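Enquirer: Need the 3D shape of this:
(2 chains)
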Number of protein chains: 2
Amino acid sequence: MRVEVINTGTELLLGKVINTHAAFFGDRLFTLGLRVGRQVAIPDGEEIRQALLESFPRADIVLVTGGLGPTSDDITREIVADMLGRELRRDDAIWRHIRAFFVQRGREPSPANERQAMVPEGAVVLSNPHGTAPGLYLPAVPGETPHLFLLPGPPRELRPMFAETVDPILRKLAGGDAAPRPWRNFKIFGVGESSIASVIEDALAAVPGLEHGYCARLGEVDVRLIGTEEAVAAASEIVRRAFPIEIVTESEDSLETVLVRRLAELGQTVATAESCTGGKIACTLTDVDGSSAVFHRGYVTYANEAKADLLGVPEAMLAEHGAVSEPVAGAMAEGCRERADSDHALAVSGIAGPGGGSDEKPVGTVFIALASRGLPVVVSRDYFPLDRLGFKERVTREALDLLRKRLDGLL
Amino acid sequence: MRVEVINTGTELLLGKVINTHAAFFGDRLFTLGLRVGRQVAIPDGEEIRQALLESFPRADIVLVTGGLGPTSDDITREIVADMLGRELRRDDAIWRHIRAFFVQRGREPSPANERQAMVPEGAVVLSNPHGTAPGLYLPAVPGETPHLFLLPGPPRELRPMFAETVDPILRKLAGGDAAPRPWRNFKIFGVGESSIASVIEDALAAVPGLEHGYCARLGEVDVRLIGTEEAVAAASEIVRRAFPIEIVTESEDSLETVLVRRLAELGQTVATAESCTGGKIACTLTDVDGSSAVFHRGYVTYANEAKADLLGVPEAMLAEHGAVSEPVAGAMAEGCRERADSDHALAVSGIAGPGGGSDEKPVGTVFIALASRGLPVVVSRDYFPLDRLGFKERVTREALDLLRKRLDGLL
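Expert: Residues are numbered from 1 along each chain as shown, chains lettered A, B, ... in the order given. This is a model prediction of the structure:
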């Protein structure tokens, strides 16, 4: 079944309001075995008519967000009723809900709110506990119109409504009680998308009944497999054999989630000593719920004095080698681990730029060190010629992956 | 002129990646006096053909992102060449750039990368310093095709390319060598969008020759004014009078950029002591180029022991009041400032959740403290019932704004 999404809202096209609807629907529908074939954003007003006209012949299901509000440019309800030749009637139960919604907040509904209680003939009302306008579901008319859902724009109204009323209807449309399609997601670290593809693309393309895709981020690539049980199993073996060391996880979990869980299983802790990442490694680890069990402290030692004072890096070493050097990164990691009394310590020192580079150590140079209780410290030199924020992100992920390799016994 | 945006990328429809392109283009085009009339997201592969066919008769300018990569489903370049009846030829300069890009990173390009050097006849090459695939600009053929831009999907490649090569071309298309329209952006902190609108909306609507818009993020709202010189000046006065304390800046600079610049002007420094934000305040400050002049160190004291050990918070105080309390946040800030010997210190302690809340201090409770040399410490209690990442972001911005108010003499 082909699903299309139409988002109405001038604010989505003016910049700065990021449209999260497409990602939300994509994610929810994937687990139902449905795919969004197209997503369109248009301004409030008349453009919805053309967008619907284009979708009707292509789609089996159309999800529309926005345009159900009380202001003059909220006209989704009226345009749809007109296009489908349905009359609009005031629904007294909805009108009572709207009045109650306002009264509860010590306000009165305006006459404009009464339009929100209008329902096209034959529509199923989807209740909205978090706002005034209900959603509407217009079942398909075979050969004429697809299944049509009119949903509110604000995510805090849309998301609960989707879970409570839209999801069960879509589940039925998607195939009664059919189970979601088998799928698997491999997260691969430190290999580029084109290199991955050059190794596994031909083999994956030869697996019958398999769909696959790649999604690259800084340093990481997701390889997603979907299809029959057998196809996903066969393809998974191909990926596993090609990247035995580089696979971070076979789930959708992030690298940091994998790490925190692994440390918790081992009953171990990690501390951080950061120069060029400025706290991003600590921040990323503590994004994970439950990280307080495995992360107790971090040092952001941006100035040389802080490296000496907080981590015990010898001032002579800083003077001789410079802060961005293998010995200093190693001393940061060791000093951090000892002072924090942690099982592991990650330390980074590099040149984020745009200033501070030299011929010998250009902007993008970084030393990443890992100290672990009872093991010699390891330091790697890397070069990530990215902008400042990209550099911080890339170094953070490289450091976390260094620890992942250690915990997995690959280092 | 009507602009349409087409984003290709299966990952945009699978719910794995939030599409930030629409917001980015909307924002950039606004300053050029252009509006995005429609944005469409489609999967990788053949769907681009239908999307272009629909856009061509409607649009004057079409911006396409994605599908320029090396893998088999990256076919934007080939489809466009086919639709326009243009031959593809290998551009040797691009191929040299791609080879150099790989060599610089100690790798070899794969044969698949050679496709990225193919250019349709008559296309202008838009260089890509941050990746392999260049962008392509195909000028309009009057009566046949609109101006067509093929751009890379990854934001860190797209954004610099847009600024350096696309923006100047669009500027010409938008009105020859006309100067950009006068505009001003006010960043307002700590007041909700509807509250701001209720204060200034009527007054702004009455200014002739003015367009305005709001854009809300966590804790911040941008009020954007664009129009004639006189209209922007008159509207700016309305905004300034309404929010004398809450305006962070009258530019597009971020709060952290404003802060780092202000501290540098004053010759002052700030240090950080973070519990629930886990390093995010330090990371945000060090996102700003030049922050090393004003930020020398930060402490991430996630565990109680770290608060005592690194910041000197008395253990009796931690036992009596708990880590999430006014006295502890205050002691963290004072201990941090003294040990770092900085002019200011920000400290936060709160409950990010999902666990750890109580009736008295529910998840979302946070204490934010600011110590400044020679002044009494200030501590504010706040409540941000958001998810974990939203909470960290919101608390970070609130802490930075506390320092902004102090530097501006408003505290």
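
Enquirer: what's around the closest residue to A:A140 other than its chain neighbours, how many residues?
Expert: If the residues on either side of it in the chain are set aside, A:A140 comes closest to A:H147, at 4.5 Å by CB to CB, 6 or more residues apart in numbering or on different chains. Where you see a C-beta, it was placed from the backbone N, CA and C, and this is true even at glycine. A:H147 is flanked by 19 other residues according to other CB atoms under 10 Å in any protein chain shown.

Enquirer: Just say helix, strand or coil for the nearest residue to A:L386 once chain neighbours are set aside.
Expert: Of all residues beyond its chain neighbours, the one nearest A:L386 is A:R394 (5.9 Å), with distances taken as CB to CB, 6+ apart. Look at A:R394: counting by DSSP: H, G, I helix; E, B strand; the rest coil, its state is helix.

Enquirer: can you map out the strands along the stretch 301-411 of chain A?
Expert: A:344-350, A:365-372, A:378-383 (DSSP state E, counting those that start in this stretch).

Enquirer: any idea which of those strands is most buried?
Expert: strand A:344-350 (a mean of 29; mean count of other CB atoms under 10 Å in any protein chain shown).

Enquirer: Report the separation between the residue lying closest to A:I238 once chain neighbours are set aside and B:P109.
Expert: Distances taken as CB to CB, 6+ apart place A:A203 nearest to A:I238, at 4.8 Å, with adjacent residues excluded. To B:P109, A:A203 is 21 Å away according to CB to CB, to the nearest Å.

Enquirer: And for A:P152?
Expert: A:P152 is 48 Å from B:P109, by CB to CB.

Enquirer: So if I had to pick from the two, which one is more boxed in?
Expert: Using other CB under 10 Å as the criterion, A:P152 and B:P109 rank with A:P152 on top: 24 against 20.

Enquirer: That one: what's it in contact with?
Expert: Taking CB atoms under 8 Å, 6 or more residues apart in numbering or on different chains as the criterion, A:P152 is in contact with A:T65, A:G66, A:L68, A:G69, A:N128, A:G131, A:A133, A:G135, A:L158, A:M161.

Enquirer: ok, those residues vs chain B, which is closest?
Expert: A:G69 (12.6 Å; CB to the nearest CB).

Enquirer: Assess the claim that that closest one and A:L150 are in contact.
Expert: No - in this structure, A:G69 is not within contact of A:L150 by CB atoms under 8 Å, at 11.9 Å.

Enquirer: Mind checking what secondary structure the residue nearest to A:I238 has?
Expert: helix.

Enquirer: Just the element for the residue nearest the centre of chain A, please.
Expert: Residue closest to the mean C-alpha point of chain A, counted by CA atoms, centre = their mean, is A:A23 at 8.1 Å. Assigned by DSSP states H and E, A:A23 falls within helix A:21-31.

Enquirer: List the contacts of that helix.
Expert: Under CB under 8 Å, 6+ apart, the answer for helix A:21-31 is A:3, A:5, A:7, A:35-36, A:39, A:63, A:65, A:155, A:158-159, A:162, A:167, A:170, A:180, A:183, B:12-19, B:41.

Enquirer: orientation of it relative to helix B:21-31 in degrees?
Expert: 170 degrees (axes from the mean of the first three to the mean of the last three CA atoms, to 10 degrees).

Enquirer: average pLDDT across helix A:21-31?
Expert: For helix A:21-31, the mean pLDDT works out to 84.

Enquirer: That helix: how far from the chain's middle?
Expert: Its chain's C-alpha centre and that of helix A:21-31 lie 11 Å apart, by CA atoms, centre = their mean, to the nearest Å.

Enquirer: continuing past that helix, what's the next helix or strand?
Expert: strand A:35-42.

Enquirer: Show me how far that next one is from its chain's centre.
Expert: 18 Å.
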